[in-house]
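> Take a look and give me a structure for this.
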Amino acid sequence: MSKKGRILVAMSGGIDSSVAAMLLHDEGYEVVGMTMKTWDYATSGGSKKTTGCCSLDDINDARNLAVSKGFPHMILDIREEFGDFIIDNFVEEYLAGRTPNPCIMCNTHIKWDALLRRADQLDCEFIATGHYANSREENGRYVISKGLDDNKDQSYVLWGLKQEALARTKFPLGGFTKPEIRQMAMDQGFEELAKKNESYEICFVPDNDYRGFLNRKVDGLEAYMEGGRFMDADGNDLGEHRGYPYYTVGQRKGLGKAFGEPMFVTSIDPLTNVVYLGREHELEANSMYVRSVNLQKIPIIGDGLEALTKIRYKDKGAMATINNLPDGRLKVDFTHNVSAIAPGQSAVFYDGNDVIGGGFITRNEEVPTSHARRIINKEVAS
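The predicted structure is shown next:
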């Protein structure tokens with residue numbers, strides 16, 4: 001065995017995870033490559049060409065790179081556990097009027113767990129991924145911090161990882177920029193890999209049409225949603241919409257109606273099938289609630305903690321004061337108004353470049369997931 005140790009590398013077939021595997025191999029680790037099959041693309045039902053990660057072509061690209069570098073590669077089929085949890089959660093969140101981020105859910109509940117279990121079976125001390133992030137041990141805790149490349153930093157999507165997972169995880173790309181990673185692939189003779197386009201779609205919605213996906217997953221959804229209304233904050237009826245799951249807070253385009261001026265989705269009421277619209281300034285708010293909190297840099301949040309808080313992946317963040325609520329949630333009060341706080345998305349708290357922790361944005365009065373399940377099971381009269 002290598003002096004560096006044996007490491008299991010998650011390889012999607014894309015450039016980032018491929019170069020991560022190459023870097024670790026060149027550093028002297030005994031690399032085992034693994035591609036996780038999460039979704040059956042033949043039955044996705046989409047109308048456009050598949051572009052999501054881990055397609056058959058991507059699996060072959062990962063295997064070919066492993067063979068060329070001389071380390072083993074295998075496929076881990078997690079379609080059943082992925083579908084039961086991630087896809088069901090995705091559907092239920094939209095039907096509860098929230099906007100989910102399935103990549104965060106998958107990282108937190110599926111991928112790391114699957115990788116660590118297989119790492120144990122293969123006698124691998126560590127696992128690694130191609131995320132642009134850094135990690136370290138400090139004061140007895142494992143801390144994630146931002147990657148060097150601000151344009152590619154992925155620390156936001158890793159807030160859900162627990163200490164035991166972080167203790168065994170390496171992020172080889174954290175100290176590099178994307179152009180440097182592409183150049184490394186070129187220098188190693190993988191020109192096609194270096195030119196490969198990135199995928200920004202949800203892996204199980206390769207045509208990027210989540211509305212069509214919901215309709216395919218929930219039989220009769222469109223018929224059930226008929227009669228939903230657009231309304232403004234004063235209760236004025238602005239016309240009929242397709243159904244509340246087809247809209248997200250902050251949305252301006254694709255409303256299906258002309259209002260004479262730009263209008264945005266400001267909130268969604270699943271219980272009444274009402275989508276509230278307003279002008280851009282009506283998206284602004286100065287507080288929010290956060291549930292299902294996971295902390296990384298510190299074990300507890302003391303009342304009055306001040307932290308830079310991001311409410312979406314590409315958000316620059318805003319300073320906020322964080323306080324605990326008796327029910328386990330956090331109340332987050334921003335120093336200045338922020339725009340388009342969307343229930344279901346993640347709030348991630350930073351101390352400089354370090355991730356303090358994160359959680360899911362929630363309404364003060366949350367819509368129960370049971371409402372979504374009643375629709376799926378056709379227990380609510382249309």
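
> From now on I want contacts and neighbour counts done on CA atoms only, so please keep to that.
Will do.

> and Asp58, helix, strand or coil?
helix (DSSP: H, G, I helix; E, B strand; the rest coil).

> meant to ask about Val91, not that
helix.

> Where does the prediction get shaky in the protein?
Counting by pLDDT under 70, the chain shows low-confidence ranges at 1-2, 41-54, 200, 380-382.

> And for Asp88, the neighbour number?
Counted with other Cα atoms under 10 Å, the neighbours of Asp88 add up to 13.

> which SS class is it?
Going by three-state DSSP: Asp88 is helix.

> is it true that Cys203 lies in a helix?
No. Under three-state DSSP, Cys203 sits outside any helix and is assigned coil.

> wouldn't it be in contact with Asp40 here?
No. Under the contact definition of Cα atoms under 8 Å, Cys203 does not touch Asp40, with a separation of 10.1 Å.

> Of the two, which one has the most company?
Set side by side, Cys203 and Asp40 show more neighbours around Cys203, with 20 against 13, by other Cα under 10 Å.

> Could you tell me the phi and psi values at Thr177?
For Thr177, the backbone dihedrals (degrees, to the nearest 10) come out as phi -100, psi 160.

> how many neighbours does it have?
17.

> distance of Tyr210 from Asp153?
Applying Cα to Cα, to the nearest Å, one obtains 25 Å for the distance of Tyr210 from Asp153.

> May I see the buried residues of stretch 221-241?
Applying a neighbour-count criterion of 16 or more other Cα atoms under 10 Å, the buried positions in stretch 221-241 are Leu221, Met225, Gly228, Arg229, Phe230, Met231, Asp232, Glu240, His241.

> Tell me the one of these nearest Phe85?
Proximity of the buried residues of stretch 221-241 to Phe85, judged by Cα to Cα, is greatest for Leu221, which lies at 20.4 Å.

> looking at it, that closest one is touching Gly212, isn't it?
No. Taking Cα under 8 Å as the contact criterion, Leu221 and Gly212 are not neighbours in contact, 10.4 Å apart.

> quick revisit: which one of the buried residues of stretch 221-241 is nearest Glu282?
Out of the buried residues of stretch 221-241, the member with the shortest distance to Glu282 (by Cα to Cα) is Asp232, at 10.1 Å.

> Assign the residue nearest to Asn337 when sequence neighbours are not counted to helix, strand or coil.
Nearest residue to Asn337, sequence neighbours excluded (Cα to Cα, 6 or more residues apart in numbering): Asn286, at 4.5 Å. Three-state secondary structure (criterion: three-state DSSP) places Asn286 in strand.

> can you pull the contacts of Asn286?
Shown in contact with Asn286 (Cα atoms under 8 Å, 6 or more residues apart in numbering): Asp333, Phe334, Thr335, His336, Asn337, Val338.

> Val290: which element?
Using DSSP states H and E, Val290 maps to strand 284-295.

> Return the set of buried residues in the next helix or strand after that strand.
Downstream of strand 284-295, the first helix or strand assigned by DSSP H and E is strand 305-310. Neighbour counts using 16+ other Cα under 10 Å place Glu306, Ala307, Leu308, Thr309, Lys310 of strand 305-310 among the buried residues.

> Run the chain-centre distance for the very next helix or strand once past strand 305-310.
The first helix or strand that comes after strand 305-310 along the chain, using DSSP H and E, is strand 318-324. Relative to the centre of its chain, strand 318-324 is centred 22 Å away, using Cα atoms, centre = their mean, to the nearest Å.

> Same check on stretch 281-288?
That offset, for stretch 281-288, works out to 23 Å (Cα atoms, centre = their mean).

> Around the nearest residue to Val332 once chain neighbours are set aside, how many other residues sit close by?
Ranked by Cα to Cα, 6+ apart and with sequence neighbours excluded, the top spatial neighbour of Val332 is Ile322, at 4.7 Å. Burial of Ile322 is recorded as 24 neighbouring residues (other Cα under 10 Å).

> Ile322 is in contact with Asp303, isn't it?
Yes. Taking contacts as Cα under 8 Å, Ile322 lies within contact range of Asp303: 6.3 Å.

> Which residues does stretch 355-363 contact?
Judged by Cα under 8 Å, 6+ apart, the contacts made with stretch 355-363 from elsewhere in the structure are 143-146, 155-156, 159-160, 288-298, 341-350.

> gap between Met74 and Lys378?
If you measure Met74 against Lys378 using Cα to Cα, the figure is 41 Å.

> try Phe264
To Lys378, Phe264 is 30 Å away according to Cα to Cα.

> Same question for Lys195.
The spacing between Lys195 and Lys378, counted by Cα to Cα, is 47 Å.
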